[in-house]
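Q: Okay, sequence plus prediction incoming.
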Amino acid sequence: MTKTIAALRFMQLFVSLAFFAGLPLIANGAAAPLLTEAEAIRFLHQATFGPTPTLVVQVQKLGVDKYLAQQFKLKASKYPALKFYPESTPQKCTGTCVRDNYTYYRLQREFFDNALTGKDQLRQRVALALSQIFVTGQSNVPLPAWMRTYQQMLYDNAFGNYRSLLQMITLNPTMGRYLDMLNNRCQTNTDPLLTPAERQAICRSGQTAQPNENYAREILQLFSIGTFMLNQDGTYQVGGSGMPIPTYDQAMVEEFARVFTGWVLAPPLKGPGGDVPNYKAPMVVRRDDQDRDIRHDRGAKTLLNGFVIPAGTDAEAEISMAMDNIAGHSNVAPFISQHLIRHLVTSNPTPGYVQRVAQVFTANFNAPNQFEHVVRAILTDVEARTAPDGATDPDYGKLNEPVLFMLNFLRAFGAKSDGVLNSGSRGSAAMNQDIFRSPTVFNYYPAQYEVPGEPNLVGPVFGVFSTQSTATRANFIYQVLFDAGSFARNPPDRPKGTTLNLKSWEKLAANPGQLVDRLSCWLVHCTMSQAMKDAIVAAVNTVPSTDLLGRARMAIYLAATSAQYQVQR
């Protein structure tokens, strides 16, 4: 075994660094009613958390369209029904009570368990993408029950309507707390031309502090239209100076901030020991004893494209008007479409790809299942279904984010797991993707991050890719394959641990060439370069032929830690 490990480490260093991009791929062609195994595997890398033997056969028999139709009909997975505890830990809550109700342990564990075993794979992939567009995080949302409500909303509405989802997000108390719309208040207008009565009609609470601008800024910048005007193909519109045209300015942020005033938590819930803050129901308008929206700015407001909300409009109506105003902006279709393409298929979609998806987004603006149409368009587009030629299109594809890298690998080798995969020195947090704990509203990595040394080539996930995280990825594979270590059973926090089923791969290990050919098809849809195959076969041959499990582990480790596997193409 010592010789195996020594050879493994040497060959891993060689293979993992030598084959990064621009490698020739087999052209698969457009989707057909019956798919080859390679086509099915490639599709499942885009539409699920990773292929399994059962899913590959299913997709081969059904074809892409029928498989998608089945996925769209499946009910959403559920996060655990966490109790709503008070913000301060009760004395009686100790041990696993603290772990389950005052840390993100159960929520993160359920995310990985759903991803590994849930049938609604496509819904979960889309919900993960949406959670990285409409970002919240533990930094300002400390209790897991509060975050659970928000994440379940994304599960349930992953195939729904954008405009409807945007309003749900806006009034969700978790988002309200995260970006400070919760308890946001109007400011008394000091215009000397206004009478005291007119000033009070605008802001009855008599506040002097300006409304908080956080949510107003981020709903525009990150959740809907972005910072510059876009053509429908996602490219920038430019003005006479040749510079991109801004979509909004500070004055516009201030106008929207006034819209988002007056909202508070719904009436308290019953929890252990008494009433607790209500992070389950949507926020409500704060009203006085005369049923007036006391903290809402009731003045006239000018929003996008010159749309004016009349003075005296109540808070609920203003939210609806503002959502219509934002969702109807021409930037929304290309902006959201490009984000979703990057999460599911490729980091650098062509303008044509973005425009085709944006057209579907716009055509289904009022459809209750708008995202269903959009996701189908993304996954059935010719640029998704036709494998690129690495020699002529080396920039196609995307580096898999840590959770996809982990889950793809575990599902590929029949893992049984308790879902405790986020924490520890080998978990996703150590790879810079701490689930539900994004460090900023800009997500784990910037959406426009450029690949180092490659100007104008976008690679968002490279924003969390470093020498340290590269080593952590390799160590994750090594630990699960050779030594359970961080992933071994260790109750009560790790009740089952994480193990692989390598029996079928052990049987193939008597013939290294056959073993590597099979890995090529299973992991990278039959596109592994010959140089990489030769390097892995040479490494496998350093392991005694009597140690079939060691041979299988050697081949799997080298294939799974290679760049060819980690870059989804």
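A: Yep, that arrived. Because the structure is predicted, anything quoted here is derived from the model rather than measured.

Q: excluding its backbone neighbours, what's nearest residue 105?
A: Distances taken as CB to CB, 6 or more residues apart in numbering place residue 99 nearest to residue 105, at 5.1 Å, with adjacent residues excluded. No exception for glycine: its C-beta is placed from N, CA and C like everyone else's.

Q: and that neighbour, that's in a strand?
A: No: counting by DSSP: H, G, I helix; E, B strand; the rest coil, residue 99 is not found in a strand; it is helix.

Q: Where in the chain is the helix or strand with the lowest mean pLDDT?
A: Lowest on mean pLDDT, DSSP states H and E among the helices and strands of the chain sits helix 2-18, with a mean of 40.

Q: thought residue 396 was touching residue 569?
A: Yes: Residue 396 is in contact with residue 569 according to CB atoms under 8 Å; the separation is 6.0 Å.

Q: any common contacting residues for these two?
A: Taking CB atoms under 8 Å, 6 or more residues apart in numbering as the criterion, residue 396 and residue 569 both touch residue 388.

Q: can you tell me the helix or strand for the residue lying closest to residue 247 once chain neighbours are set aside?
A: Leaving out its chain neighbours, the residue that sits closest to residue 247 by CB to CB, 6+ apart is residue 225, at 4.9 Å. Using DSSP states H and E, residue 225 falls within no helix or strand.

Q: Same check on residue 38?
A: Going by DSSP H and E, residue 38 is in helix 37-47.

Q: Quick one: name whatever helix or strand follows that helix.
A: The C-terminal neighbour of helix 37-47 among helices and strands, as given by DSSP H and E, is helix 53-62.

Q: Contacts only, for residue 180.
A: 212, 214, 215.

Q: so the last one makes contact with residue 183?
A: No: Residue 215 lies out of contact with residue 183 (CB under 8 Å); the separation is 11.7 Å.

Q: neighbour-wise, which of those two wins?
A: residue 215 (27 against 16; other CB atoms under 10 Å).

Q: Now do the contacts for residue 208.
A: Neighbouring residues of residue 208 by CB under 8 Å, 6+ apart: 187, 188.

Q: Just give me the neighbour total for the residue nearest to residue 247.
A: 23.

Q: Helices of the stretch 351-500 of the chain, start to end?
A: 351-363, 370-380, 382-385, 402-412, 467-482 (DSSP state H, counting those that start in this stretch).

Q: likewise the stretch 51-200 of the chain?
A: 53-62, 64-73, 96-102, 105-117, 121-131, 144-156, 162-171, 173-178, 196-202.

Q: Please identify the buried residues of the fifth one?
A: By neighbour count, with 16 or more other CB atoms under 10 Å as the criterion, the buried positions of helix 121-131 are 121, 122, 123, 124, 125, 126, 127, 128, 129, 130, 131.

Q: swap in the third one?
A: For helix 96-102, a neighbour-count test (16+ other CB under 10 Å) marks 99, 100, 101, 102 as buried.

Q: by contact count, what packs against that helix?
A: helix 105-117, helix 144-156 (3 or more CB pairs under 8 Å, 6 or more residues apart in numbering; DSSP states H and E).

Q: What of the second one?
A: Here helix 64-73 is seen to pack against helix 37-47, helix 53-62, helix 121-131, helix 370-380 when contacts are counted using 3+ CB pairs under 8 Å, 6+ apart.

Q: Roughly how far does residue 416 sit from residue 441?
A: The gap separating residue 416 from residue 441 is 36 Å, by CB to CB, to the nearest Å.

Q: Those two: which has the busier surroundings?
A: Comparing residue 416 with residue 441 by other CB under 10 Å, the one with more neighbours is residue 441, at 20 against 13.

Q: And the strands in the stretch 401-550 of the chain, which stretches?
A: 416-417, 498-499 (DSSP state E, counting those that start in this stretch).

Q: does residue 211 count as helix, strand or coil?
A: coil.

Q: tell me the pLDDT at it?
A: pLDDT for residue 211: 95.

Q: can you check residue 481 too?
A: On the pLDDT scale, residue 481 gets 95.

Q: sorry, back to before: can I get the helices and strands packed on helix 96-102 in a markdown table including mean pLDDT and mean neighbour count?
A: Compiled in a markdown table, these are given as follows (pLDDT from 0 to 100; neighbours: other CB atoms under 10 Å):
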| stretch | mean pLDDT | mean neighbour count |
| --- | --- | --- |
| helix 105-117 | 97 | 21 |
| helix 144-156 | 98 | 22 |
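
Q: who wins for proximity to residue 524 among those helices?
A: Of all the helices and strands packed on helix 96-102, helix 105-117 sits nearest to residue 524, with 20.6 Å by CB to CB.

Q: That closest one vs helix 121-131, what angle?
A: Counting by axes from the mean of the first three to the mean of the last three CA atoms, to 10 degrees, helix 105-117 lies at 140 degrees to helix 121-131.

Q: Next, the angle helix 402-412 makes with helix 105-117.
A: Using the same axes, to 10 degrees: helix 105-117 against helix 402-412 is 50 degrees.

Q: for helix 105-117, packing partners?
A: helix 96-102, helix 121-131, helix 144-156, helix 402-412, strand 416-417.

Q: Let me have the ones you listed in TSV, adding distance to residue 529 as columns.
A: Below are the helices and strands packed on helix 105-117 laid out as TSV (distance: least, CB to CB, whole Å):
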stretch	distance to residue 529
helix 96-102	46
helix 121-131	28
helix 144-156	38
helix 402-412	19
strand 416-417	31
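
Q: if we compare those, which one ends up closest to residue 375?
A: When the helices and strands packed on helix 105-117 are compared (using CB to CB), the closest one is helix 121-131, at 5.8 Å.

Q: Of all the helices and strands packed on helix 105-117, which one is nearest residue 329?
A: Using CB to CB, these put helix 121-131 closest to residue 329, at 18.7 Å.

Q: Pull the distance from that closest one to the chain's centre.
A: Helix 121-131 sits 6 Å away from the centroid of its parent chain (CA atoms, centre = their mean, to the nearest Å).

Q: Could you do stretch 142-155 as well?
A: 14 Å.

Q: Likewise for stretch 493-511?
A: Worked out by CA atoms, centre = their mean, stretch 493-511 lies 28 Å from the chain centre.

Q: returning to what we had before: got the helices of the stretch 51-200 of the chain as JSON lines, with distance to residue 469 columns?
A: As requested, the helices of the stretch 51-200 of the chain are exported to JSON lines (distance: least, CB to CB, whole Å):
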{"stretch": "helix 53-62", "distance to residue 469": "28"}
{"stretch": "helix 64-73", "distance to residue 469": "31"}
{"stretch": "helix 96-102", "distance to residue 469": "26"}
{"stretch": "helix 105-117", "distance to residue 469": "18"}
{"stretch": "helix 121-131", "distance to residue 469": "19"}
{"stretch": "helix 144-156", "distance to residue 469": "24"}
{"stretch": "helix 162-171", "distance to residue 469": "30"}
{"stretch": "helix 173-178", "distance to residue 469": "26"}
{"stretch": "helix 196-202", "distance to residue 469": "51"}
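
Q: Correct me if wrong: residue 524 contacts residue 563.
A: No: Residue 524 is beyond contact range of residue 563, at 10.4 Å (criterion: CB under 8 Å).

Q: Give me the more crowded residue out of the two.
A: More neighbours surround residue 524 than the other of residue 524 and residue 563, with 25 against 17 (other CB under 10 Å).
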